[in-house]
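In: my questions are about this predicted structure, shown below with the sequence.
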Amino acid sequence: MAWCSKTLPALNIKFRKCRDRARTCKNAHGDFIDVILAGRSWVTAGVVLAHPRHCFPRCEHCSPPAPAPAHPDLGFAPTGVRDRLGSCAALRLAPDWYPGWLACPLRHYEVRPQPNQDLEQLVSAVEELPFLSCNSQVEQASQLLWSFADWAGQSVNSRARMTQVQRNAVMNLLQHLAGGARDGKAGSTPAPLAYFDAHQMNMAAASLGKLRPHLHPDAVTSACAAVAHHGASSRAMRRCSWREWSTLLSGMATAGMQCSSSPELTRLFDQAVQLLPGKLPLSVVGQAISMILWAMAKSGYTGTAQPLLQAVTAANSQGEVMADAKPQDWATLIWATSKLPGCRGEARHLLDRFAARSQAVVPGLSARNVVAALEKREVSDILFSMGLVLWHDKEVCRQLAERAAETMQVGNFPHVATSLYNLARLAHLDSSVRSLAAGLASDSERAAFMREQVLASLPEAEAWRQLLQAEGEHCAGQEG
């Protein structure tokens, strides 16, 4: 097999190609060493030797003392690692000429953490991050964060809690991503997060949303702010699709980020409003649209979302978007639009479109599974939005009331009570709604208390009826 031209300086080790991430090499004495390439770092026997530009390990038999590394911020394996090598026993990987060197043994782990990986393996991998080259740190840190989130998102771990050691490992990972742990030399090397591409930023945001229940809120907020700053200040997201923007922004909102405390997140939303309308014809799915608007409403975005919503409503009128959207996407979109400032007209338009398709859409709100579908408050959210923007349709109210009645059969009393309250605000109190309220009250003391709250809203219902009537007359006058 022919030797390749790559030679490790001062060690006179030549490499020949074996496979994608492995090389077989020999030193000047003819001893063979199996070396694995991890990014730009040299790894042997599971131990990082370091980047060849910064590390010059030498053989005592023939090589002169190696020069000091130009950037000694990457790791060397300890002197004792020579015992692990089945070749030249005099090979030293921690030179004596660098006085303050931090020698630390490293454990072998997967180049890329795999889903469902054991938490202890991930903790070990976090400890080894500082010893990787810059490119390897970026990829490895992104994969590690996703692997921790994958563990947190598994149903079998829904009630599990991380140990203090495991939480500390995630906290160290977040600190490392943001560049907070740099051996006391802050700013000497850009943080790995600064090299994240759009896909890695999306993964990071989604991961932080999943990890939020396991970590201190301040740590999650700080990491999200760093991701938002990178996304807003770089060009990484400019070519991204609606789906990619949806993953990033909904992850931020799920992690609890608020625009009031994060100017970077506001800038990110501003970019989305500016860039996304021109990408609507590109096979946008309804879920991506609804989740972006949901993230804006959830995060308290106070900027103008009208250009984005106007593009959505125009495309929807032409049948280009939301034609095959799920009922849950309609509910999310209507709720979010009604909550955004200055978007009442767009919310009313979406409700008109929703009413036109109500015969097909509303039954789907409970078609999959009554508990799974309606515990998400989809019916009550639509009713709430109708009252918020003063939009009323008797047929839609009737269908939504029927869907709410189905939840009482599975004991979802809070949802039923909320739906009844919103129906009362809309002055929709026909016989079916009254019987629903009576049935709710007879089921339990808690339900009876909720019924009292519903009945207490009846005086307000008359005021809402008058507002709706005035709004209808105003709209009719404008059309005339």
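Out: Now that the structure is in, tell me what you want to look at. Numbers count the residues shown, from 1 in each chain.
In: let me see the contact set for the closest residue in space to Leu208 that isn't next to it in sequence.
Out: Excluding its sequence neighbours, the residue lying closest to Leu208 (Cβ to Cβ, 6 or more residues apart in numbering) is Ala255, at 4.5 Å. The C-beta positions use only the backbone N, C-alpha and C, and glycine is treated the same way. Counting by Cβ atoms under 8 Å, 6 or more residues apart in numbering, Ala255 makes contact with 205, 208-209, 212, 220-221, 224.
In: inside strands: which ones of those residues?
Out: Of those, none are assigned to strands by DSSP state E.
In: can I get those residues in JSON lines including distance to Leu173, pLDDT and neighbour count?
Out: As requested, the contacts of Ala255 are exported to JSON lines (distance: Cβ to Cβ, whole Å; pLDDT from 0 to 100; neighbours: other Cβ atoms under 10 Å):
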{"residue": "Ala205", "distance to Leu173": "15", "pLDDT": "95", "neighbour count": "25"}
{"residue": "Leu208", "distance to Leu173": "11", "pLDDT": "95", "neighbour count": "25"}
{"residue": "Gly209", "distance to Leu173": "16", "pLDDT": "93", "neighbour count": "23"}
{"residue": "Arg212", "distance to Leu173": "15", "pLDDT": "91", "neighbour count": "20"}
{"residue": "Val220", "distance to Leu173": "12", "pLDDT": "93", "neighbour count": "21"}
{"residue": "Thr221", "distance to Leu173": "16", "pLDDT": "92", "neighbour count": "19"}
{"residue": "Cys224", "distance to Leu173": "14", "pLDDT": "93", "neighbour count": "26"}
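In: between those, which is closest to Leu390?
Out: Gly209 (33.6 Å; Cβ to Cβ).
In: pLDDT value on the closest residue to the closest one other than its chain neighbours, please?
Out: Among residues not flanking Gly209 along the chain, Thr254 sits closest, at 3.3 Å (Cβ to Cβ, 6+ apart). pLDDT for Thr254: 94.
In: returning to what we had before: how much space between the residue nearest to Leu208 and Met162?
Out: According to Cβ to Cβ, to the nearest Å, Ala255 stands 17 Å off from Met162.
In: what's the answer for Ala405, then?
Out: Noted for Ala405: a distance of 42 Å to Met162, by Cβ to Cβ.
In: same question for Cys397.
Out: 46 Å.
In: elements contacting the helix or strand harbouring His199?
Out: Under the criterion of DSSP states H and E, His199 resides in helix 198-211. The contact analysis (3 or more Cβ pairs under 8 Å, 6 or more residues apart in numbering; DSSP states H and E) places helix 198-211 against helix 134-153, helix 217-233, helix 242-254.
In: pick the most deeply packed of the ones you listed.
Out: When you average the neighbours per residue for each of these (mean count of other Cβ atoms under 10 Å), helix 242-254 leads with a mean of 24.
In: does anything pack onto it? Which helices or strands?
Out: helix 198-211, helix 217-233, helix 263-275, helix 286-298.
In: rerun that using 6 Å as the cut-off
Out: Helix 242-254 is packed against helix 198-211, helix 286-298, with contacts defined by 3 or more Cβ pairs under 6 Å, 6 or more residues apart in numbering; DSSP states H and E.
In: got those helices as CSV, with distance to Leu351 columns?
Out: Shown next, in CSV, are the helices and strands packed on helix 242-254 (distance: least, Cβ to Cβ, whole Å):
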stretch, distance to Leu351
helix 198-211, 29
helix 286-298, 14
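In: quick one: secondary structure of Gly179?
Out: Of the three states, Gly179 takes coil under DSSP: H, G, I helix; E, B strand; the rest coil.
In: how much space between the residue nearest to it when sequence neighbours are not counted and Leu129?
Out: In space, and not counting its chain neighbours, Gly179 is closest to Ala191: 2.8 Å by Cβ to Cβ, 6+ apart. Here Ala191 is placed at a distance of 12 Å from Leu129 (Cβ to Cβ).
In: neighbour-wise, which of the two wins?
Out: Applying other Cβ atoms under 10 Å to Ala191 and Leu129 shows that Ala191 carries more neighbours, namely 22 against 19.
In: check that one and give its pLDDT.
Out: Per the predicted model, pLDDT is 79 at Ala191.
In: tell me where the model's unsure across the stretch 151-300 of the chain.
Out: 158, 180-190, 282-283 (pLDDT under 70).
In: and if we set it to 80?
Out: 155-160, 179-191, 281-284 (pLDDT under 80).
In: got a list of what Val312 touches?
Out: By Cβ atoms under 6 Å, 6 or more residues apart in numbering, the residues touching Val312 are Ile289.
In: could you rerun that using 8 Å?
Out: Contact analysis of Val312 by Cβ under 8 Å, 6+ apart lists 280, 289, 321-322, 346.
In: which of those residues count as buried?
Out: Buried members of the contacts of Val312, counted by 16 or more other Cβ atoms under 10 Å: 280, 289, 321-322, 346.
In: any residues in contact with both of Ala191 and Leu129?
Out: Joint contacts of Ala191 and Leu129 (Cβ under 8 Å, 6+ apart) are His176.
In: so which elements touch the helix or strand that contains Cys397?
Out: Using DSSP H and E, Cys397 maps to helix 394-408. Packed against helix 394-408, as judged by 3+ Cβ pairs under 8 Å, 6+ apart, are the following elements: helix 344-356, helix 358-361, helix 370-374, helix 378-388, helix 413-425, helix 431-441.
In: now distance to Gln306 too, for the helices and strands packed on helix 198-211, in CSV please.
Out: CSV is the format used below for these (distance: least, Cβ to Cβ, whole Å):
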stretch, distance to Gln306
helix 134-153, 34
helix 217-233, 21
helix 242-254, 17
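In: and of those, who's closest to Val389?
Out: Val389 lies closest to helix 242-254 among the helices and strands packed on helix 198-211, at 21.7 Å (Cβ to Cβ).
In: okay, the angle between the closest one and helix 134-153?
Out: 70 degrees (axes from the mean of the first three to the mean of the last three Cα atoms, to 10 degrees).
In: keeping just the C-alphas, turn helix 242-254 into PDB.
Out: Presented in PDB, the C-alpha positions along helix 242-254 are these (Å, rounded to 0.1, in the frame of the first residue of the first chain):
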ATOM      1  CA  TRP A 242     -40.200  28.100   6.900                       C
ATOM      2  CA  ARG A 243     -39.700  24.600   8.500                       C
ATOM      3  CA  GLU A 244     -36.200  25.500   9.700                       C
ATOM      4  CA  TRP A 245     -37.300  28.900  11.000                       C
ATOM      5  CA  SER A 246     -40.200  27.100  12.700                       C
ATOM      6  CA  THR A 247     -37.800  24.700  14.500                       C
ATOM      7  CA  LEU A 248     -35.600  27.500  15.700                       C
ATOM      8  CA  LEU A 249     -38.300  30.000  16.900                       C
ATOM      9  CA  SER A 250     -40.600  27.400  18.400                       C
ATOM     10  CA  GLY A 251     -37.600  25.900  20.300                       C
ATOM     11  CA  MET A 252     -36.900  29.400  21.700                       C
ATOM     12  CA  ALA A 253     -40.500  29.800  22.800                       C
ATOM     13  CA  THR A 254     -40.700  26.400  24.400                       C
END
